[in-house]
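> Dropping a prediction and its sequence here:
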Amino acid sequence: MSEWLDLQLSHHLAAVEAPEGLWDRIQSADRIQSAAGPRSARPRVPRPGFNSGWFNSGWPIAAILTLMAAAGTLWLVAKGEEPALDLRRLAIQQLRDSEPLELHSSDPAEISAWMRRAGLDVKLPSETAAKVRLVGARVIERRGARIGDTQYIGEIRYQVGGDTATLLVARAGSGASSGPDGGHRQFAWRSRGQSYAVASSSPERPNAPCLLCHASL
Amino acid sequence: MVLERSERELVEACQRGERDAFRALFEAHKDRVYSIALRFSGDEALAMDLAQDTFLKLFSCIREFRGDSAFSTWVYRLVVNSCLDHKRRSWRLIPIADELFAVLRAPGDSLHAMLETEMRDRVRAAVEKLTPDLRMVTVLRYTEGLSYDQISEVLGCSTGTVASRLNRAHKALERRLAHFVSTQGARHV
């Protein structure tokens, strides 16, 4: 590299002082007084456009979605197609004892491409709710009862505010049943030959799993 | 533990939710966060958004900081993620208007200042055309003066990857600024 370019970059990309108004903006966006107050050990800072009033207004929608998911599950059971209940249990297990990710990325396209190598076709939404951040992915290997009977399950991990949420994807067809697990929010469903389960570690946010796919709850 | 005691105490105070500590931590890191956001985005308004987003994340997630790495590294990761997560803009009408007004406002005899402005704009425009990965490495290197090892820790990649990205960034920038290198290279405008 030329010395000229080195000098130009150092000069024109030099650090600057932050504008005076930045703190005020953060305060107004965040209402930090309540976040830093003694009533909450963890400062919870809503992002702009995601204040508590707006959040509360999303509850009826989340409730409707929950009912729809439950109705869908009942319909599948009635049709004799068992939803991916084992995946749901596994999703909760991943939240409790999370393993290190194999791919750290916030790019949905990169994660989808990476998952395809494991034979999983995962189309992640390019836009999610403001509080949701894609963290990365890993593949879980589960051995079946027979030799060579190995199933690959993709785990996609998200950060929802200060909490973790996980989305599991597997090729449909293995479904061992298990009951729901209390204390966690989770859904499971099946689509186009694949089973899915989402779970969130946040008992305070019942719609957190929904936020992984729905940007505007 | 990598933290200085004073900063560690500050972080612990923030983790307990002490309001003054948040302000002190903000003051300590605001220039660093804003500089990276500005140099990465090339836009002051967007840099303010990114800096705000970074500090909101910092305040909401500070209890997750365990002190396994330097606090500054953690802050760098937050701002890097904010920048990389942000969608790139398709249109940049305001900066173009700004440049036009800057030229109109420039005094006729300030040739050197105009050349300086021209060079600054060309260099920054060339940096903005880099892919996000290459641009971020360049910003961390030249805006913050981080070493290869520090950049690799912030980005979570190997030192070799950092060196490779910087090398590709330099080549791309030299290619885009080749005209200026040949005509003004000796002047160091």
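Received, thanks.
> low-scoring stretches of chain A, by residue?
For chain A, the stretches with pLDDT under 70 are A:1, A:30-63, A:66, A:73-86, A:127-130, A:143-150, A:172-187, A:202-217.
> Let me see the domain layout of it.
As assigned by automatic domain parsing, chain A contains the domains A:22-57, A:58-211.
> cool, and chain B?
Split by automatic domain parsing, chain B gives B:5-85, B:93-181.
> Please identify the most buried of those.
domain B:5-85 (a mean of 19; mean count of other CB atoms under 10 Å in any protein chain shown). For every residue, glycine as well, the C-beta is placed using N, CA and C.
> quick check, that one touching chain A?
Yes - for domain B:5-85, a contact with chain A is found by CB under 8 Å from any CB of the partner chain, at B:14, B:16-19, B:22-23, B:26, B:30-35, B:38-39, B:44, B:48, B:51-53, B:55-56, B:59-64, B:81, B:84-85.
> Name the next helix or strand downstream of the biggest helix by length in chain B, please.
Longest helix in chain B by number of residues (criterion: DSSP state H): helix B:19-41. Next helix or strand after helix B:19-41 toward the C-terminus (DSSP states H and E): helix B:44-61.
> Let me see the mean pLDDT of that next one.
Mean per-residue pLDDT for helix B:44-61: 90.
> now it: how far from the chain's centre is it?
13 Å (CA atoms, centre = their mean, to the nearest Å).
> just stretch B:114-124 next, same as before
Distance, stretch centre to chain centre, for stretch B:114-124: 18 Å (CA atoms, centre = their mean).
> quick one: the helices in chain A?
Per DSSP H, chain A carries helices over the ranges A:3-12, A:22-30, A:32-35, A:52-57, A:59-78, A:85-96, A:108-116, A:208-211.
> re earlier: now the longest helix of chain B, how far from the chain's geometric center?
When C-alpha coordinates are averaged (CA atoms, centre = their mean), helix B:19-41 and its chain have centres 11 Å apart.
> Quick one: work out the angle between it and helix B:44-61.
Helix B:19-41 runs at 140 degrees relative to helix B:44-61, counting by axes from the mean of the first three to the mean of the last three CA atoms, to 10 degrees.
> which non-adjacent residue is nearest the residue nearest the centre of chain B?
Among the residues of chain B, the one closest to the centroid is residue B:36, at 1.7 Å (CA atoms, centre = their mean). Of all residues not flanking residue B:36 in the chain, residue B:79 sits nearest, at 5.0 Å (CB to CB, 6 or more residues apart in numbering or on different chains).
> got a list of what that neighbour touches?
B:32, B:33, B:36, B:37, B:50, B:51, B:54 (CB atoms under 8 Å, 6 or more residues apart in numbering or on different chains).
> wait, which of those residues is closest to chain A?
Of all the contacts of residue B:79, residue B:51 has the smallest distance to chain A: 5.8 Å, by CB to the nearest CB.
> one step back: would you single out the least confident of the domains of chain B?
Among the domains of chain B, domain B:93-181 scores lowest, with a mean of 80.
> hey, where'd the strands end up in chain B?
Taking DSSP state E, chain B contains no strands at all.
> And the helices in it?
Going by DSSP H, chain B shows helices at B:5-15, B:19-41, B:44-61, B:71-85, B:93-105, B:111-128, B:132-142, B:148-155, B:159-176, B:178-184.
> Would you tell me which of those helices gets closest to residue A:165?
helix B:44-61 (14.6 Å; CB to CB).
> what's that closest one packed up against?
helix A:22-30, helix A:32-35, helix B:19-41, helix B:71-85 (3 or more CB pairs under 8 Å, 6 or more residues apart in numbering or on different chains; DSSP states H and E).
> Go through those helices and name the closest to residue A:158.
Nearest to residue A:158, of all the helices and strands packed on helix B:44-61, is helix B:71-85, at 12.4 Å by CB to CB.
> re earlier: looking at the helices and strands packed on helix B:44-61, spot the one closest to residue A:132.
Per CB to CB, nearest to residue A:132 of the helices and strands packed on helix B:44-61: helix B:71-85, 10.5 Å.
> TSV for the domains of chain B, including distance to residue A:118?
Shown next, in TSV, are those (distance: least, CB to CB, whole Å):
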stretch	distance to residue A:118
domain B:5-85	25
domain B:93-181	22
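> what's the closest of the ones you listed to residue A:117?
Proximity to residue A:117 (CB to CB) singles out domain B:93-181 among the domains of chain B, at 19.6 Å.
> what separates that closest one from the chain centre, distance-wise?
Relative to its chain's centre, domain B:93-181 lies at 10 Å (CA atoms, centre = their mean).
> Any residue of it touching chain A?
Yes - part of domain B:93-181 sits near chain A under the criterion CB under 8 Å from any CB, namely B:119-120, B:123-124, B:127, B:138-139, B:141-144, B:156, B:167, B:170, B:173-174, B:177, B:181.
> Check the burial of residue A:21 by counting its neighbours.
10 (other CB atoms under 10 Å in any protein chain shown).
> Now it. Nearest residue, chain neighbours left out?
residue B:48 is the one closest to residue A:21 (CB to CB, 6+ apart), at 7.8 Å.
> and residue B:28, what does it touch?
So residue B:28 contacts B:7, B:10 (CB under 8 Å, 6+ apart).
> For residue A:21, what are phi and psi?
phi -80, psi 0 (degrees, to the nearest 10).
> how far away is it from residue B:78?
20 Å (CB to CB, to the nearest Å).
> Over to residue B:61?
8 Å.
> which neighbours do the two share?
By CB under 8 Å, 6+ apart, no residue touches both residue B:61 and residue B:78.
> related to what we said a few turns ago, in this structure the residue nearest to the centre of chain B contacts residue B:143, no?
Yes - at 6.0 Å, residue B:36 counts as touching residue B:143 under the criterion of CB atoms under 8 Å.
> May I have the longest helix of chain B exported as CSV, CA atoms only?
What follows is helix B:19-41, C-alpha atoms only, in CSV (Å, rounded to 0.1, in the frame of the first residue of the first chain):
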residue,chain,number,x,y,z
ARG,B,19,-28.3,6.5,36.5
ASP,B,20,-25.2,8.7,36.9
ALA,B,21,-23.0,5.8,35.8
PHE,B,22,-24.8,5.5,32.5
ARG,B,23,-24.0,9.1,31.8
ALA,B,24,-20.4,8.7,32.8
LEU,B,25,-20.1,5.6,30.6
PHE,B,26,-21.7,7.5,27.7
GLU,B,27,-19.2,10.3,28.1
ALA,B,28,-16.3,7.9,28.1
HIS,B,29,-17.3,6.2,24.9
LYS,B,30,-19.5,8.6,22.9
ASP,B,31,-16.7,9.9,20.6
ARG,B,32,-15.5,6.4,19.8
VAL,B,33,-19.0,5.2,19.0
TYR,B,34,-20.0,8.2,16.9
SER,B,35,-16.7,8.3,15.0
ILE,B,36,-17.1,4.7,13.9
ALA,B,37,-20.8,5.2,13.0
LEU,B,38,-19.9,8.4,11.0
ARG,B,39,-17.0,7.0,9.1
PHE,B,40,-18.8,3.8,8.3
SER,B,41,-22.1,5.4,7.2
